[in-house]
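Trainee: Quick one: sequence and predicted model below, then my questions.
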Number of protein chains: 2
Amino acid sequence: MSIRQTGEFGLISRVVSRLGEPGPAVLLGPGDDAALVVASDGRVVASTDLLVEGRHFRRDWADASDIGRRAAAANLADIAAMGGTATALLVGLCAPADLDAGWAELLAEGLAEEAGLVGASVVGGDMTSGPTLMIAVTALGDLHGLAPVRRDGARPGDLVAMAGRTGYAAAGYTVLSRGFRTPKVLVDAYRRPEVPYAHGPAAGRAGATSMIDVSDGLLADLGHIADASRVHIDVLKDAFVVPDQMRDAALALGVDPYQWLLAGGDDHALAATFPEGAPLPEGWRVIGKVGTGSDVTVDGRPWSGATGWDHFRV
Amino acid sequence: MSIRQTGEFGLISRVVSRLGEPGPAVLLGPGDDAALVVASDGRVVASTDLLVEGRHFRRDWADASDIGRRAAAANLADIAAMGGTATALLVGLCAPADLDAGWAELLAEGLAEEAGLVGASVVGGDMTSGPTLMIAVTALGDLHGLAPVRRDGARPGDLVAMAGRTGYAAAGYTVLSRGFRTPKVLVDAYRRPEVPYAHGPAAGRAGATSMIDVSDGLLADLGHIADASRVHIDVLKDAFVVPDQMRDAALALGVDPYQWLLAGGDDHALAATFPEGAPLPEGWRVIGKVGTGSDVTVDGRPWSGATGWDHFRV
């Protein structure tokens, strides 16, 4: 049944039934003019992202549930990158009126499932019809009294570290865009990122001086830290090991796998800087060093390839 | 200069420069993975809305600043309708890559200006290119310790009251859609709603039992209160006076002006129910009565015209 047939309010009721039980931070969920969410320390962290069909997702490359998980992950990772724990998502869906209502229901399930990984819930949203399928997600989160870990706190001498993985989703994207469906580990990584959510607050508690969600590409995102902190960052290529299946796919497709590892973004790894000598929290590994100056280098030299993604130019 | 030429990060920097000084609730504004906003009583009110070109706005009917004001107003009104005071907006913009960057800058100015009316600020956002121009706004707000005024608290015997005006924006929309540009008071009302923001928290403090933002149409939105509260609502037609310019336009266009007044929504009036005998706060006027049963009637009879707007069917 199309969403034209269910109507706005029929679709809302179908979608809301797929969201599961609300998490502990939800004081008032969907169905009113606005939701009400706990902000335990008197502050709320908030971030918003848009996903547009054909640019951020394709319906023939992933099912609605996976697209929902990716849409949620992109926002939940932003909360983690401040050192916060997400509490709630608000979701806007713009869709052609002939969209199958079941697709929207599965999307909602995927959003709720990914949010559930951190105890967050979908608390509200808006739906409208329009020519382009588009998903707008806003995530709210709680710092539980921690100072926010910003982009501008890196200092010369700090270590650069990463939690989570890079290159998998970018490799999966390349595989899919060349018309292949395997290796499964890469394609699945593109469809459903595995985000190290808990590593964000852990980094904050461990004294991280800066942190960012790797969404544009590792080198580009470290560049945002370098710019905001007015420092130079050098990345050690040897800190990255090319996994076997990524190496095979790179060979078959004629791609430098380090381009995926260093400039691919959609895995939503977390990158952060820590004072030298501070013990890194579990799951974080050193990938480079902060120095004086500006820009990002790899083994002391500028990276020859693209460093990331510009959403207006690509 | 097009946004393809400025690029994503160039446009962000231009837009952020138009947002003015952050309000008192902003702890961390645009430029990081997420914003940080005060939630003074340990809770945050949150609501999200999408506006799609051709459906919610037309670039030939209003300039970017007015479109920004309307986009902000739609969300700020949702916060007011819970009894809250808005603190922050997050804004997603999806736009064709040939959009003039100046248009996006003016949009940001309009958003910030409307938010400034209640002391709120634009604290973050996302921009991407896509085939359809679309604005996604999320508003955050603070109840300052008040209980949220929900849709489900109306009780038989309550009075139905309204703050703000209805019909003006709907009349302006009809005028514009027939190719006219006057009367100015109607067309301006469509372009820039005058929302009674402060009347929402005032109603909450005065003991309103339910409240809603009139966005779909007065009768349709009172229908949401009637459904959620399991009551019947009767609206008194005589409580509405047709303003002279609305009457003239209605005559000229062959429209029943009460259709605008009772089923037009885009003015973002607030409708609420109050216990009988409770003194109404300033700016609220009685427009009907709550009884036992279901549905909404006008002078005891079902309304013959459309009662509002379904965003998938119209």
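Mentor: Received it, and whenever you're ready, just let me know what you need.
Trainee: okay, CA-based contacts and neighbour counts for the rest of this
Mentor: Will do.
Trainee: shouldn't residue A:284 be in contact with residue A:165?
Mentor: No. Counting by Cα atoms under 8 Å, residue A:284 does not reach residue A:165; the two are 10.5 Å apart.
Trainee: So residue A:228 is in contact with residue A:151, correct?
Mentor: Yes. Applying Cα under 8 Å, one finds residue A:228 in contact with residue A:151, separated by 5.9 Å.
Trainee: which one of these two has more residues nearby?
Mentor: Neighbour comparison, residue A:228 and residue A:151: the larger count goes to residue A:151, with 26 against 18 (by other Cα atoms under 10 Å in any protein chain shown).
Trainee: tell me the secondary structure for residue A:160?
Mentor: Three-state call for residue A:160 (DSSP: H, G, I helix; E, B strand; the rest coil): strand.
Trainee: what's the answer for the one 10 residues further on, then?
Mentor: The local conformation at residue A:170, judged by three-state DSSP, is helix.
Trainee: How about it, nearest residue that isn't a chain neighbour?
Mentor: Leaving aside its sequence neighbours, residue A:170 sits nearest to residue A:264 (Cα to Cα, 6 or more residues apart in numbering or on different chains; 5.0 Å).
Trainee: Could you count how many residues lie near the closest residue to residue A:295 other than its chain neighbours?
Mentor: Excluding the flanking residues, the one nearest residue A:295 by Cα to Cα, 6+ apart is residue A:232, at 5.2 Å. Residue A:232 has 22 neighbouring residues, counting by other Cα under 10 Å.
Trainee: ok, residue A:232 touching residue A:290?
Mentor: Yes. In this structure, residue A:232 is within contact of residue A:290 by Cα under 8 Å, at 5.7 Å.
Trainee: where do the contact lists of the two overlap?
Mentor: Common neighbours of residue A:232 and residue A:290, counting by Cα atoms under 8 Å, 6 or more residues apart in numbering or on different chains, are residue A:156.
Trainee: Return the distance of residue A:25 relative to chain B.
Mentor: In this view, residue A:25 and chain B are 9 Å apart by Cα to the nearest Cα, to the nearest Å.
Trainee: For burial, what's the neighbour tally of that residue?
Mentor: By other Cα under 10 Å, the residues close to residue A:25 number 22.
Trainee: Next, the contact list for it, please.
Mentor: Each residue near residue A:25 by Cα under 8 Å, 6+ apart is listed here: A:37-39, A:87-88, A:120.
Trainee: Sketch out the low-pLDDT regions of the stretch 51-200 of chain A for me.
Mentor: Under the criterion pLDDT under 70, no range of the stretch 51-200 of chain A is flagged.
Trainee: For it, what lies in contact range of chain B?
Mentor: A:52, A:55, A:78-79, A:81-82, A:90-94, A:97, A:124-132, A:136, A:138, A:148, A:150-151 (Cα under 8 Å from any Cα of the partner chain).
Trainee: Selecting buried members of those residues in ChimeraX, what would you type?
Mentor: In ChimeraX syntax, the buried subset of those is picked out as below (16 or more other Cα atoms under 10 Å in any protein chain shown):
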select /A:52,78,79,81,82,90,91,92,93,94,97,124,125,126,127,128,129,130,131,132,136,138,148,150,151
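Trainee: What ranges does the stretch 1-150 of chain A have for its strands?
Mentor: Counting by DSSP state E, counting those that start in this stretch, the stretch 1-150 of chain A has strands at residues A:26-28, A:35-38, A:43-52, A:85-95, A:121-129, A:134-142.
Trainee: For residue A:111, which of the ones you listed is the nearest?
Mentor: Of all the strands of the stretch 1-150 of chain A, strand A:121-129 sits nearest to residue A:111, with 7.4 Å by Cα to Cα.
Trainee: Who are the packing partners of that closest one?
Mentor: helix A:3-16, strand A:26-28, strand A:85-95, helix A:101-116, strand B:43-52 (3 or more Cα pairs under 8 Å, 6 or more residues apart in numbering or on different chains; DSSP states H and E).
Trainee: Nearest to residue A:280, out of those?
Mentor: Residue A:280 lies closest to strand A:85-95 among these, at 19.3 Å (Cα to Cα).
Trainee: My understanding was that residue A:132 contacts residue B:132; is that so?
Mentor: Yes. Applying Cα under 8 Å, one finds residue A:132 in contact with residue B:132, separated by 6.2 Å.
Trainee: So in terms of bridging, what pairs with the nearest residue to residue A:296 once chain neighbours are set aside?
Mentor: Once flanking residues are discounted, residue A:296 sits nearest to residue A:233: 4.8 Å by Cα to Cα, 6+ apart. Beta bridges link residue A:233 to residue A:290, residue A:296 when assigned by DSSP bridges.
Trainee: any idea of the pLDDT on residue A:233?
Mentor: Per-residue confidence (pLDDT) for residue A:233: 98.
Trainee: what's it in contact with, if anything?
Mentor: Applying Cα under 8 Å, 6+ apart to residue A:233 gives the contacts A:160, A:222-223, A:226, A:288-291, A:294-297.
Trainee: Also residue A:266?
Mentor: A:166, A:169-170, A:190, A:193, A:214-217.
Trainee: Find the centremost residue of chain A, please.
Mentor: Note on chain A: the residue nearest the mean C-alpha position is residue A:74, at 2.9 Å, using Cα atoms, centre = their mean.
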